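Visitor: turn this into a structure:
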Amino acid sequence: MSLARNMTFLKLAIIGGGPSSFYVASRLLSLFPQDKSLASQLRIHIYDRLWAPHGLVRYGVAPDHPEVKNCTHKFDQAAEDPRLRFFGNVQVGSHTHPAIPHALPSHYTHLLLSTGCTVPKFHPALPPSDRVIPALSFVHWYTQHPSCPAPPPLDKTEHVSLIGQGNVALDIARMLLTPPTILEKYDVPASVLEVLHRSAVRHVSIIGRRGPLQAAFTTKELRELTSLTSVSMIPLAPELLAPPPASTKLSRQQTRLLQLLQQGSLATTQAPSPAAGTKSWSLDFFRSPTGLEVHGQHLTLSLAHTALDEHSRAVPTGATSTLRTDLVVTSLGQHADPSAVYYDPAVGHLRTDRGRVLDDAGRALRRVYTSGWAATGARGVLAGTMMDAYAVADTILTDYHDDGHGGVDLPPVNGVYSDDALVADSVDLESVPGEIEEGYDQWKKVDAEEMRRGAETGKERERMGWEEAYEFLTSAGAWQS
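Guide: Prediction:
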């Protein structure tokens, strides 16, 4: 039995407006070119709970990495195709307004869940508080995310402890240590720059439970941190920089990273004594938090010393130490929303096989797919996201095509489909459920205005929140277009 032998249309609802969603849409549009007969059979509607599109590209990429955001040109190009429509400020299944009812899938023949990983992982010894904040909240603060997290108390903070040694941790360290006068030219909101100008931060400790060869950050991120002007790296202990035994084969990434750490430590050791007030940072390897005590304005972070076992797992050695600090930022990754249907707690994201969503029994749902971090977990870079998204788009088309119409059965390994029916076989190709406003044209107006305002002060852009953007769009008569 085919997936949809009588199906002519491919009308896809994408939940989530991040890079993966736009990559899938772009791929599908390119494979249904407008000058071909199949073009009229495709419609794609992207829904996002945020008012602005592009997800982590807007609300996750470090401001001093503007080149990473160049992918939005491709997304803009896709959005110019009239077969693609974007709807922002929409909570699918929510009772808030504007919202789309749970019956949304009945308007579509295909459904793609690209909802990302939006929940931070917490450390069991470090419960969240106003002095212990997840990296996600910190990033959302300096990117002016609509969740509006409170600014960190940097004016009362001299020492920051970052728990975790991935790229996000190094992004945060760089934001804390880079002079605001340098950050001013980038996409940093004025309100964030005000806080950074008042910052009292003098040292950032980046703490990880394993060693240099197991660190998750990339060489590029480390090089940027070692290259900061008027910022010192605390030299690593020689034993941490010693080459591993000849029997241990290093990857190219590990070799380059170890060399960079050696160079950074040597340069710091040979340099003249830093001037008073110079900011500094350190990589504290083989340390794992075990507790936190509050002493007025200061904190005492308890650390277990660790070593690697035969499986490269960090295990306590029995030694301990403490670290006086003022603010703890936990950068331990993220997982998908556990309340999401088809969430698998064992992996922290949706159950999936080759892009197809699976039910509790491991059976594929017909014409229901997932992409991005919702499918893979919070890992990788945008290039990997693009390739994964293209593969999911190809899966969608494989299931759809059978000499130009219908579909073919390509179920997961166990060869069984779920009984759950989330999408329809027959739909109105042009219908949109609920009373909602299409938003990409409006977004482009906001985008242009943000860049215009930024240009006035010599920066990349000056961001607007939703209320300000709405007021601008209303005064510009954008809702009439």
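Visitor: from the contact counts, what lies against the host helix or strand of Phe22?
Guide: Per DSSP states H and E, Phe22 falls inside helix 19-31. Packing partners of helix 19-31 (3 or more Cβ pairs under 8 Å, 6 or more residues apart in numbering; DSSP states H and E): strand 10-15, strand 42-47, helix 72-79, helix 382-400. In this view, the C-beta of every residue, glycine as well, is placed from N, C-alpha and C.
Visitor: run through who's touching the third one.
Guide: By Cβ atoms under 8 Å, 6 or more residues apart in numbering, the residues outside helix 72-79 that reach it are 19, 22-23, 25-26, 29, 53-54, 57, 84, 86, 440, 444.
Visitor: got the CA positions of it in CSV?
Guide: Taking Å, rounded to 0.1, in the frame of the first residue of the first chain, the C-alpha atoms of helix 72-79 are listed here in CSV:
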residue,chain,number,x,y,z
THR,A,72,19.6,34.5,6.0
HIS,A,73,20.2,35.6,2.4
LYS,A,74,19.2,32.1,1.3
PHE,A,75,16.2,32.2,3.6
ASP,A,76,15.1,35.5,2.2
GLN,A,77,15.4,34.1,-1.3
ALA,A,78,13.2,31.2,-0.4
ALA,A,79,10.7,33.5,1.1
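Visitor: now that helix against helix 19-31, angle please.
Guide: Using axes from the mean of the first three to the mean of the last three Cα atoms, to 10 degrees, the direction of helix 72-79 lies 50 degrees away from that of helix 19-31.
Visitor: phi and psi next, for the residue nearest to the spatial centre of the chain.
Guide: For the chain, Leu56 is the residue whose C-alpha lies nearest the centre (Cα atoms, centre = their mean; 4.5 Å). Main-chain dihedrals, Leu56, degrees, to the nearest 10: phi -60, psi -20.
Visitor: now do Gly296: how many residues are near it, please.
Guide: Per other Cβ atoms under 10 Å, the neighbour tally for Gly296 reads 5.
Visitor: pLDDT wise, what is it at?
Guide: As summarised for this prediction, Gly296 has a pLDDT of 87.
Visitor: so how far is Arg131 from it?
Guide: Separation of Gly296 from Arg131 (Cβ to Cβ, to the nearest Å): 11 Å.
Visitor: now do Asp428
Guide: Between Asp428 and Arg131 the computed distance is 54 Å (Cβ to Cβ).
Visitor: neighbour-wise, which of these two wins?
Guide: Counted by other Cβ under 10 Å, Asp428 and Arg131 do not tie: Arg131 has more neighbours, with 18 against 11.
Visitor: check contacts around that one.
Guide: Val294, Leu299, Asp326, Leu327, Val328.
Visitor: is Leu193 part of a helix or strand, or is it coil?
Guide: The local conformation at Leu193, judged by DSSP: H, G, I helix; E, B strand; the rest coil, is helix.
Visitor: check contacts around Lys459.
Guide: Glu184, Lys185, Tyr186, Asp187, Val188.
Visitor: element containing the fourth one, please.
Guide: Which is Asp187. Assigned by DSSP H and E, Asp187 belongs to no helix or strand.
Visitor: what number of residues lie near it?
Guide: 24.
Visitor: the last one now?
Guide: Using other Cβ under 10 Å, Val188 has 26 other residues around it.
Visitor: what's the pLDDT at it?
Guide: 97.
Visitor: how much space separates it from Asp359?
Guide: Distance from Val188 to Asp359, by Cβ to Cβ: 44 Å.
Visitor: now swap in the first one and tell me
Guide: When distances are taken as Cβ to Cβ, Glu184 and Asp359 turn out to be 51 Å apart.
Visitor: ok, back up a step: could the contacts of Arg131 go into TSV alongside neighbour count?
Guide: Output for these, formatted as TSV (neighbours: other Cβ atoms under 10 Å):
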residue	neighbour count
Val294	10
Leu299	21
Asp326	20
Leu327	23
Val328	24
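Visitor: give me the subset of those that lies in strands.
Guide: Those of these mapping onto strands are Val294, Leu299, Leu327, Val328, per DSSP state E.
Visitor: just give me the least confident of those.
Guide: Across these, the bottom pLDDT score, 93, is held by Val294.
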